[in-house]
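[1] Test case, fold it:
(one chain, ligands or ions: 1)
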Amino acid sequence: MVPNTNLSKYVPYELLLDINSKKLSKAGDIELDFAVRKLFDMKEVIYDQKWVNRQEKNFDLYYMYRDLTRTQDKEIFQENNVRFDVTVIPPQTLGSEFVKTAGHFHPDAKEGVGFPEVYELMFGEGIYLLQKDSIENNIIEIMIVKAKAGDQILIPPGYGHITINPSKTETLVMNNLVSSAFSSIYGSIKEKQGAAYLLLNNGSWIKNDQYTEEINILKREPEKIVNKPFYLSFIESPDKWIYLNEPWTKKNW
Ligand SMILES: [Fe+2]
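    Modelled structure (predicted):
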């Protein structure tokens, strides 16, 4: 028997994480098709370049399961241009850093208002780093959100975002709701070798010296975006989520 972690309280189907393979092993009757992000795909954004250059073998960093929706729900997600994805990030260190996602920005949905995103942590712990690049004042704003299972995290328009798994033992599993109408922008974070602020695996934060701007760091708590799991909220009332595609309709971010 393969030991599984049950994540079914977040979705209306049986969702299991295989703790040996650190991949999803069941999602109802949905075919488990995933994309893998490997170390060499994100060589440029690793802080410890000496370590990354010593690596001869490529290996898996995390798994992305796109559109993990039941057949009966496909239409409601598609009609509303919303995707439900699950990401699995097993624990490991990359040189002197914890494993993290590559990080990206979203384009604008309308002039000056970017597409937002929401994350829900289903298992493990996560640190969400949100970064708003300076437009005119030469100050970069960083928001750090520490999350545990059940927490919901809002990525407001204009913020690039990176998820870090700060655990030495636990796999991080999270889902997101996001507009399906755009492609993410990876370029600027890649060019600057990561975010403006980096978390090392000894727990300390350091500034990325590729950035010359002043950095303003804020700590933010996860917030209750909805009082039930995202998937269930979405299929019950997709109208609540219109701001994912029309962010200008939401007044307070
Ligand atoms: Fe995103």
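[2] Next, count neighbours for Tyr65.
    Tyr65 is flanked by 22 other residues according to other C-beta atoms under 10 Å. In short, each C-beta sits where N, CA and C put it, glycine included.
[3] Got phi/psi on it?
    phi -100, psi 110 (degrees, to the nearest 10).
[4] in the stretch 1-150 of the chain, what spans have low per-residue confidence?
    1-2 (pLDDT under 70).
[5] could you show me where the helices are in it, in order?
    49-54, 74-79 (DSSP state H, counting those that start in this stretch).
[6] Any idea which of the ones you listed gets closest to Leu154?
    helix 74-79 (19.6 Å; C-beta to C-beta).
[7] quick one: buried residues of that closest one?
    Buried positions in helix 74-79, judged by neighbour count with 16 or more other C-beta atoms under 10 Å: Phe77.
[8] Same question for stretch 181-192.
    Ser184, Tyr186, Ile189, Lys190, Lys192.
[9] re the thing from before, with distance to Asp151 added, can I get the helices of the stretch 1-150 of the chain in TSV?
    Listed next are the helices of the stretch 1-150 of the chain as TSV, based on distance: least, C-beta to C-beta, whole Å:
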stretch	distance to Asp151
helix 49-54	30
helix 74-79	23
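[10] nearest to Phe123, of the ones you listed?
    For these, proximity to Phe123 was assessed by C-beta to C-beta; helix 74-79 is nearest, at 22.6 Å.
[11] Show me what that closest one is packed up against.
    helix 230-236 (3 or more C-beta pairs under 8 Å, 6 or more residues apart in numbering; DSSP states H and E).
[12] Tell me which residues of the helix it packs on come out buried.
    Within helix 230-236, the residues that count as buried by 16+ other C-beta under 10 Å are Phe230, Tyr231, Ser233, Phe234, Ile235.
[13] ditto for stretch 164-173
    Ile164, Asn165, Pro166, Ser167, Glu170, Thr171, Leu172, Val173.
[14] and what of stretch 145-161?
    Buried residues in stretch 145-161 (16+ other C-beta under 10 Å): 145-147, 149, 151-161.
[15] can you give me the strands for the stretch 101-250 of the chain?
    108-110, 113-114, 117-123, 125-132, 139-148, 152-155, 160-164, 172-179, 197-199, 205-207, 214-220 (DSSP state E, counting those that start in this stretch).
[16] Okay then, goodbye and thanks.
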